[in-house]
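Trainee: Could you work out the structure for the sequence below:
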Amino acid sequence: MTGTNHHPLLDIRNLDVSFEQHKGIAHALRGIDLCLKSGEILALVGESGSGKTVTSMSVMGLLTTPPSRVNGGEIIFQGRNLLTLAENDRRKVRGKDIGMIFQEPGKYLNPAYKIGEQITETLILHFKMTRGSAVGQALEFLNLVGLGKNKRVLNSYPHELSGGMKQRAMIAMSVACHPALLIADEPTTALDVTLQLQILKLIQSLKDKFSMGVLFISHDLGVVKEIADRTSVIYAGRIVESATRQQLFENPIHPYTKLLLLSIPDAAKRGTRLRAIPGTVPDAENIPGGCSFHPRCPLVEEGCRREIPPTIDYGDGHKAACFLIGKKWIDS
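Mentor: Below you'll find the model as predicted:
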């Protein structure tokens, strides 16, 4: 369910980000566009190295400059371009208006502080709460994410919690300030299937409760199918397809999207070998000319090697960037 406000919550326009490296310039994002409304879950999906995490860290303002450099574009959040804000103003937005769940909570939860201290410090910083009020709110949110009403988790250090409990504690921390936008960067990757489903349901319920927009980052279309309202597929720093969940899974357009879908385990295909995508995502400092997917594409033609395909809207917001739309090539 999307929000009623016609203005997007997050509008990324032509964002271009590179990194200076000893081998040269790594071009991580090459003019991406993303649009997210309040109350909506937008998935950004692609293989490792496609630019997903650079996108999320750009929104959060957590890329170190140098070596990173924003070469162009805008990140419009609630009507303001985050890229033009002073660092002090950006810091006020981060954590309060935009929350983030990281892939490995053990790396981002401070091992020297108890879980309760880490949540209460955030609340005191952004809302000037008394410590007693902040502790009470921290307990509420730990209970909300399924960690109980008692103070056991509140008074635990991160190493004293299981992987699933650490992820829930990080979710509690990320939503404690009632952010308008929640970024979830591969939040279920390190968890078993049962915990994955629990975390996905938790994110959906929190999204509904607080009317947040959620940017959900994943390499797994199987997970995306369970949670996303819309999906953008990223490859080598470009968005190659954007669609609603129904459009993407029933009528994928781009060859890369089709191959990603064919690699998802399916009970109906039990006993058959999954189709793997040949090759790997190119290094950001050595992206091929033309369509960057052409070295791996089973449809490739000479023009694909020379020119970058434009993004075309095929109706109802279903967009794709490929010269070879509609050409039959894979048996699903």
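Trainee: Can you list the neighbours in contact with the helix or strand of the chain with the lowest mean pLDDT?
Mentor: In the chain, no helix or strand scores lower on mean pLDDT, DSSP states H and E than helix 105-108, which sits at a mean of 82. Residues outside helix 105-108 that contact it (Cβ atoms under 8 Å, 6 or more residues apart in numbering): 102, 158, 163, 166, 167, 169, 170. In short, each C-beta sits where N, CA and C put it, glycine included.
Trainee: Now that we have those, which of them are buried?
Mentor: With burial judged by 16 or more other Cβ atoms under 10 Å, the buried subset of these is 102, 158, 166, 167, 169, 170.
Trainee: where does the stretch 1-150 of the chain dip in pLDDT?
Mentor: 1-6 (pLDDT under 70).
Trainee: how about the strands in it?
Mentor: Assigned by DSSP state E, counting those that start in this stretch, the stretch 1-150 of the chain shows strands spanning 10-21, 24-36, 41-45, 68-77, 80-81, 98-101.
Trainee: Export the ones you listed as CSV, with columns for distance to residue 60.
Mentor: Output for the strands of the stretch 1-150 of the chain, formatted as CSV (distance: least, Cβ to Cβ, whole Å):
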stretch, distance to residue 60
strand 10-21, 12
strand 24-36, 14
strand 41-45, 14
strand 68-77, 10
strand 80-81, 15
strand 98-101, 6
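Trainee: Indicate which one of those strands is closest to residue 250.
Mentor: Among the strands of the stretch 1-150 of the chain, the nearest to residue 250 by Cβ to Cβ is strand 41-45 (15.9 Å).
Trainee: Could you check that closest one and say which residues are buried?
Mentor: So for strand 41-45, counting by 16+ other Cβ under 10 Å, buried means 41, 42, 43, 44, 45.
Trainee: Same question for stretch 77-91.
Mentor: Of the residues in stretch 77-91, 77, 78, 82, 83, 85, 90 count as buried by neighbour count, 16+ other Cβ under 10 Å.
Trainee: So the closest residue to residue 196 other than its chain neighbours: helix, strand or coil?
Mentor: Of all residues not flanking residue 196 in the chain, residue 188 sits nearest, at 4.1 Å (Cβ to Cβ, 6 or more residues apart in numbering). Per DSSP: H, G, I helix; E, B strand; the rest coil, the local secondary structure of residue 188 is coil.
Trainee: can I assume residue 188 is in contact with residue 202?
Mentor: No. Residue 188 is beyond contact range of residue 202, at 10.3 Å (criterion: Cβ atoms under 8 Å).
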